[in-house]
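Undergrad: Next comes the sequence, and after it the predicted model I'd like to discuss.
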Amino acid sequence: MKIFRLQLFFFLITSVILVCAGACQTLIGNRSLSGGRPNPLRTDFLNQADKLVSKSDSAFFSPDKPKLCAALRGNGDKVLAHIASMAGIVERYGVIDGVAGSSSSAISLFLYESALMNPSIWNCGGAPCDEQTVRARLSFQLKAGEVVVKGFLNSPMIKQALDTQNPSNSAEAKQGEDFLKYGFHPKTRGLFKRLKKRIIHRFAWRIMSEKFYQFTAMSGADFVNRELLGEVEDFLIDLPAQKRWEMMRALNALDFNNSDISILFREGVIDFPRLFRKVGIVADFFAGRGKAYPKAQMAQILGSKCVTEAFGKSWSEFIASSVGKSCENTIGTVMRNYFNVYRNSAPIANTRLNDPIGGALKSIVPVSVIVQGGVEKVQKAYREYKLLYETNLPDPAPGHFEAAYKAWTDRTARIKFDLDFENEILYGYWGRYSDLKNIVNSWTPTDEIKSQKFTPLGVMAWRDVLLASPVEPGLSKINPLKDTPDHRAAGVSGYMAGGWVDLHPTQVSRLMGCEKVIFVTREWPEDNEFAEGLVKFFKIPEEKRKTIYDINDPNSSFNQSLREADAIWCTNWGQFKMFDLQPMTTQSFHSPVFSRAGDDPLFSRANPILQSYKPGCMPIERKS
């Protein structure tokens with residue numbers, strides 16, 4: 001029944017999007033795009049000066065030759081595992097002064113850079129802090145991000161929504177399941193119309209929170225478009241069968257096993273601009289921005305025994321003591337006061353979302369872009385999907401849902417989308433001009449596929465980066481690459497399809513000048529369902545899939561990336577759900593490390609050291 005509660009919630013939210021699709025949004029097929037990977041690459045625009053944030057907004061600018069860089073593998077809804085891992089790395093090895101990551105890890109890079117910029121991390125009573133103090137303060141602030149999630153989880157609305165034993169929740173879930181499948185029959189329509197406003201509001205506000213919590217660790221209720229909720233209440237029961245069924249499919253998001261090519265064109269269930277505005281508020285707090293930022297209180301907290309007591313411990317281990325619990329209450333109050341000011345107000349003028357990627361910290365974020373002939377294929381397939389979607393189907397009779405639903409999915413499965421992976425998908429990278437130029441000049445194309453497809457895209461604001469790389473197929477329909485001066489100078493236009501193209505970005509980390517690279521990943525990192533979905537939707541030839549993802553092939557892109565890293569931070573986040581917050585962050589914080597050079601002066605003192613072979617955390621070496 002729990003899954004039906006989630007489905008009903010997403011049905012309500014998706015219906016908001018679908019009801020307004022024609023009037024509220026420019027559709028994907030309305031914009032004519034063309035372009036492709038230039039040959040040779042256009043790189044003159046990389047000669048311009050790097051775009052750095054205002055000196056008054058940052059206490060840190062990463063050096064030209066970073067000593068320690070972290071390359072992060074995306075991990076979906078487990079962003080806090082990244083944050084805990086980076087806190088552990090900072091404590092053990094030092095400040096991370098260069099980062100790279102795609103998909104959800106782009107969110108983690110953004111938050112880490114935000115914390116690093118805060119003057120309170122670096123200022124000790126008017127004088128520069130020593131290195132150990134900086135590391136302790138930075139790690140503490142990163143770990144304290146867990147307080148945001150716990151505050152959300154303990155809210156009355158969320159507790160009520162997560163009460164799976166509540167019999168009324170189960171009854172409502174059954175109603176929602178029946179509606180999605182069969183619609184409302186004439187005998188029940190009148191009753192539902194009288195009750196619908198109360199029922200819909202109760203469903204929306206009680207069921208919404210669980211899935212949004214899993215994905216964002218933020219306040220899910222804030223992502224409901226209240227203006228459009230009235231339209232949902234007016235038209236909900238009249239939605240035709242095929243639209244309800246597409247809502248059912250959208251609820252499964254990344255269920256690639258049961259999806260077809262329509263997943264690339266179906267509206268997602270999350271309002272990403274609103275979501276990332278909330279992430280931006282957390283980033284602004286981390287960076288110490290806005291008039292409401294409590295400088296004096298945070299300076300007192302960061303100068304107290306809270307920081308020294310938390311060192312060496314995960315957040316849950318720290319708050320097990322009376323000192324830790326008191327510190328959590330104090331910083332929780334400070335955070336809530338800050339968030340309450342900005343939750344419903346306009347963003348601050350210098351919000352972190354407007355900062356350029358790489359503004360303070362050397363950063364690289366990849367994205368896939370469909371280009372050249374693939375652009376027309378996207379538009380043609382979308383038009384075909386839209387025609388099917390707008391052709392109303394009758395509600396199935398009781399007991400005949402399965403046959404009717406299969407007939408519908410068979411129709412969408414016949415949409416033709418034969419993308420040429422070799423020539424119609426490029427691997428785009430955002431970052432500082434100087435770093436992208438170094439990569440272009442140093443990364444000679446080889447049999448490693450990323451070197452063949454690497455394309456510099458220049459600089460974008462973090463707001464736009466977050467709306468690109470983390471938004472994988474299934475979470476949203478594919479959207480046009482934003483038209484910017486840098487993209488035009490690069491000669492690239494097309495459609496963005498998420499950051500899956502470089503989930504192990506150790507090479508670009510090295511080539512942007514990093515002295516030491518540590519790769520943050522998990523055991524058994526190949527997500528077979530996700531990989532198979534990519535093969536199916538983007539027409540990746542089987543031999544190419546193996547050269548990219550195969551963890552057992554020593555020549556695969558994955559193993560080449562592992563060999564490029566000086567150390568590998570081996571988490572086990574794959575075994576946790578987002579609700580397993582404390583064990584997940586504790587394991588990530590204390591993860592064992594594999595060092596390829598046993599006598600490395602930095603990583604040889606790793607503790608704990610990875611003692612036995614862990615697939616995905618140790619490279620398979622080429623045979624001599």
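TA: Perfect, thanks for sending it. Keep in mind the model is a prediction, meaning the values are calculated, not measured. Residues are numbered from 1 along each chain as shown.
Undergrad: Find the residue ranges of the stretch 151-300 of the chain scoring beneath the pLDDT cut-off.
TA: 152-177, 179-180, 184-237, 251-258 (pLDDT under 70).
Undergrad: Which elements pack onto the top strand by length along the chain?
TA: The longest strand of the chain (DSSP state E) is strand 362-370. Here strand 362-370 touches strand 98-101, helix 105-117, strand 425-431, helix 433-442, strand 495-496, helix 506-511, going by 3 or more Cβ pairs under 8 Å, 6 or more residues apart in numbering; DSSP states H and E. For the C-beta atoms, the positions are set from N, CA and C on the backbone; glycine is no exception.
Undergrad: Mind doing that once more with 7 Å?
TA: If contacts are counted by 3 or more Cβ pairs under 7 Å, 6 or more residues apart in numbering; DSSP states H and E, strand 362-370 sits against strand 98-101, helix 105-117, strand 425-431, strand 495-496.
Undergrad: Return the most buried member of those.
TA: Burial of the helices and strands packed on strand 362-370 is given as mean neighbour count (mean count of other Cβ atoms under 10 Å); strand 98-101 ranks first at a mean of 31.
Undergrad: Let's test this: mean pLDDT of it, rounded?
TA: Average pLDDT, strand 98-101: 98.
Undergrad: And stretch 495-504, by the same measure?
TA: If you average the pLDDT values across stretch 495-504, you get 93.
Undergrad: quick one: the residue nearest to the spatial centre of the chain from Asp395, how far?
TA: By Cα atoms, centre = their mean, the chain has its centre lying nearest to Ser104, at 2.4 Å. Counting by Cβ to Cβ, to the nearest Å, the separation of Ser104 from Asp395 is 38 Å.
Undergrad: what angle separates the longest strand of the chain from helix 433-442?
TA: For strand 362-370 against helix 433-442, the angle by axes from the mean of the first three to the mean of the last three Cα atoms, to 10 degrees is 70 degrees.
Undergrad: tell me which helix or strand of this structure sits lowest on mean pLDDT?
TA: Lowest mean confidence among the helices and strands of the chain (mean pLDDT, DSSP states H and E): helix 21-24, at a mean of 32.
Undergrad: Ignoring the adjacent residues along the chain, who's closest to the residue nearest to the centre of the chain?
TA: Closest residue in space to Ser104, ignoring its immediate chain neighbours: Gly74 at 4.6 Å, by Cβ to Cβ, 6 or more residues apart in numbering.
Undergrad: tell me the contacts of that neighbour?
TA: Contact analysis of Gly74 by Cβ atoms under 7 Å, 6 or more residues apart in numbering lists 101-105, 499, 503.
Undergrad: Most widely separated two among those?
TA: The largest separation in the contacts of Gly74, counting by Cβ to Cβ, is between Ser104 and Leu503 at 10.2 Å.
Undergrad: after the longest strand of the chain, next one along is what?
TA: helix 373-389 (DSSP states H and E).
Undergrad: Give me the contact list for that next one.
TA: Applying Cβ under 7 Å, 6+ apart, the external contacts of helix 373-389 come out as 28-29, 33-34, 242-243, 246, 261-262, 265, 370, 411-412, 415-420, 424-425, 478, 494-495.
Undergrad: For His504, grab the count of nearby residues.
TA: By other Cβ atoms under 10 Å, the residues close to His504 number 30.
Undergrad: Help me confirm that it comes into contact with Arg73.
TA: Yes. Contact criterion Cβ atoms under 7 Å: His504 and Arg73 qualify, at 5.9 Å.
Undergrad: Spit out the residues that contact those two alike.
TA: Thr521.
Undergrad: coming back round to it: just tell me which of the helices and strands packed on strand 362-370 ends up closest to Ala349.
TA: Nearest of the helices and strands packed on strand 362-370 (Cβ to Cβ): helix 105-117, 16.0 Å.
Undergrad: I'd like to check the angle between that closest one and strand 362-370, please.
TA: Computed by the same axes, to 10 degrees, the angle between helix 105-117 and strand 362-370 is 160 degrees.
Undergrad: quick check, distance from the strand or helix carrying Arg277 to the centre of its chain.
TA: For Arg277, the host element (DSSP H and E) is helix 272-287. The chain centre lies 13 Å from the centre of helix 272-287; the measure is Cα atoms, centre = their mean, to the nearest Å.
Undergrad: Go through that helix and flag the buried ones.
TA: Within helix 272-287, the residues scored as buried using 16 or more other Cβ atoms under 10 Å are 272, 275-287.
Undergrad: and which of the residues you listed is nearest Tyr112?
TA: Ranked by distance to Tyr112 (Cβ to Cβ), the buried residues of helix 272-287 are led by Phe286 at 8.6 Å.
Undergrad: Now do the contacts for Ser588.
TA: With contact set as Cβ under 7 Å, 6+ apart, Ser588 has these partners: 81, 84-85, 571, 573.
Undergrad: okay, now the nearest residue to Asn559 once chain neighbours are set aside: neighbour count?
TA: Excluding its sequence neighbours, the residue lying closest to Asn559 (Cβ to Cβ, 6+ apart) is Pro619, at 4.8 Å. For Pro619, the tally of surrounding residues (other Cβ under 10 Å) stands at 21.
Undergrad: Do I have it right that Pro619 meets Gln560?
TA: No. Counting by Cβ under 7 Å, Gln560 is not a contact partner of Pro619; they are 8.0 Å apart.
Undergrad: check contacts around the nearest residue to Ala413 once chain neighbours are set aside.
TA: Excluding its sequence neighbours, the residue lying closest to Ala413 (Cβ to Cβ, 6+ apart) is Asp260, at 4.1 Å. Residues in contact with Asp260, defined by Cβ under 7 Å, 6+ apart, are 409, 412-413.
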